[in-house]
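Q: return atomic coordinates for the entry below.
(one chain, ligands or ions: 2)
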Amino acid sequence: MAEPFLNAWLAKRDRPQVVVLGNEKGGSGKTTVAIHLAFGLAAAGVRVGTIDLDGRQGTFSRFVDNRRRYTLNEQDAARMFFTDHRRITLSRNAQEDKAGDEKLVQLVTALDSLSHCQYVVVDTPGSDHILCRAAHVLADNLITPLNSSFLDLDALVRVDREANQISGPSAYSEMVLYMSEARGEFGADPIDWLVVTNRIPNVPTRVHRDVIGVLRKLSERLHFSFLPSLHERVIFRELFLKGLTVLDTNRHETSTPQTLAAANSAREEVEALVDGVLAHGPLKKLAADRAEDRRHRQPTRKRKSAISFENFNPTGR
Ligand SMILES: Nc1ncnc2c1ncn2[C@@H]1O[C@H](COP(=O)(O)OP(=O)(O)OP(=O)(O)O)[C@@H](O)[C@H]1O
Ligand SMILES: [Mg+2]
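A: Ligands and ions are numbered 1, 2, ... in the order given. A predicted model of the protein is given here:
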């Protein structure tokens with residue numbers, strides 16, 4: 001029933017770039033990355049729509065509510081960036097297929113109403129199969145945040161650690177590859193799959209290095225590339241209740257030198273992530289201009305953060 005719309009959407013020439021945050025493993029950082037990416041793109045001057053598919057938790061939508069509430073009390077709120085936000089609500093229909101249809105209609109309506117945007121960022125729940133599958137087929141860019149542990153790697157592949165072998169793709173990876181192919185039938189490019197390692201330990205660990213080594217090998221087999229990583233930083237959690245991102249911290253919440261330093265590092269990471277995503281879409285020039293601009297603004301500053309896989313050689317240890 002929603003299929004004709006999804007097909008027509010994929011066949012459209014002039015439509016927003018759809019970026020989907022996906023990983024069946026819960027708690028990997030989908031919402032955190034979705035929030036920072038969406039508001040980071042908005043801060044870069046991009047017209048951004050956001051869709052929260054997670055009707056049960058609704059974390060992204062609560063963030064948006066918190067942000068709106070915050071702006072009521074703050075003078076410089078007028079300078080804060082917003083996205084055009086839509087949320088998919090839970091269905092009251094007890095019949096699973098009908099409830100699924102209802103949610104698909106909501107997704108289609110939401111997407112249609114965001115046609116004026118340049119980017120639409122979609123946050124998915126770990127589990128809702130119908131909505132998640134629909135979102136994945138729509139994904140021009142799929143971003144999968146992963147924590148650097150073998151447990152998290154399990155979301156992509158089955159790893160036999162004893163034999164030091166990968167025994168096959170996970171059900172999630174198979175779904176992504178299948179959806180990527182399905183897009184081709186409607187004349188759309190395959191999914192551009194981007195992995196971001198999240199919550200990188202601040203003190204390097206052996207497990208982290210091993211996980212990165214495996215991921216590098218996997219990137220060829222599963223056809224994904226890497227975005228700049230995010231470190232484990234308390235500040236990513238702290239600002240949620242105020243509806244702020246680390247990109248707002250140059251104006252807010254930086255009372256001590258320590259919080260200022262943490263906010264600066266986190267902001268650099270997020271900006272690198274935003275540019276990484278832009279470089280994989282239709283606004284590549286904007287990414288290049290922003291990177292150039294930052295180089296001019298901070299000529300002597302040493303970049304400690306924004307460590308990406310590109311700098312890491314797993315065979316060199
Ligand atoms: N880089 C980070 N540093 C510190 N905490 C983080 C970081 N990324 C995410 N978190 C925290 O980890 C928890 C899970 O993150 P998040 O809600 O973004 O994951 P999720 O994949 O959306 O989860 P779910 O599958 O339940 O929707 C949250 O408490 C979040 O604040
Ligand atoms: Mg979430």
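Q: from here on, contacts and neighbour counts on C-alpha atoms
A: Noted.
Q: grab the CA positions of the strand or helix carrying V214 and hand them over as CSV.
A: In the assignment (DSSP states H and E), V214 maps to helix 206-222. Taking Å, rounded to 0.1, in the frame of the first residue of the first chain, the C-alpha atoms of helix 206-222 are listed here in CSV:
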residue,chain,number,x,y,z
ARG,A,206,43.5,-3.5,22.9
VAL,A,207,39.9,-4.5,22.2
HIS,A,208,39.2,-1.2,20.5
ARG,A,209,42.2,-1.7,18.2
ASP,A,210,41.1,-5.3,17.4
VAL,A,211,37.6,-4.2,16.7
ILE,A,212,38.9,-1.5,14.3
GLY,A,213,41.1,-4.1,12.6
VAL,A,214,38.0,-6.3,12.0
LEU,A,215,35.9,-3.4,10.8
ARG,A,216,38.4,-2.3,8.3
LYS,A,217,38.4,-5.7,6.7
LEU,A,218,34.6,-5.8,6.8
SER,A,219,34.2,-2.5,5.1
GLU,A,220,35.2,-4.1,1.8
ARG,A,221,33.0,-7.1,2.2
LEU,A,222,29.9,-5.2,3.3
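Q: same for it, what does it pack against?
A: Packed against helix 206-222 by the contact rule (3 or more C-alpha pairs under 8 Å, 6 or more residues apart in numbering; DSSP states H and E) you find helix 150-153.
Q: does the helix it packs on reach ligand 1?
A: No - using C-alpha under 6 Å from any ligand atom, helix 150-153 never reaches ligand 1; the gap is at least 11.1 Å.
Q: so how far is that helix from its chain's centroid?
A: Taking C-alpha atoms, centre = their mean, to the nearest Å, the mean C-alpha location of helix 150-153 is offset from the chain mean by 18 Å.
Q: what's the first helix or strand after it?
A: In N-to-C order, the element after helix 150-153 by DSSP H and E is strand 157-160.
Q: what does that following strand contact?
A: 150, 153, 165-170, 173 (C-alpha atoms under 8 Å, 6 or more residues apart in numbering).
Q: also stretch 92-112?
A: Here stretch 92-112 has contacts from 1-2, 5-6, 51, 53, 86-91, 130-131, 134, using C-alpha under 8 Å, 6+ apart.
Q: flag every residue of the stretch 151-300 of the chain that's near ligand 1.
A: 198-199, 230-234, 236-237.
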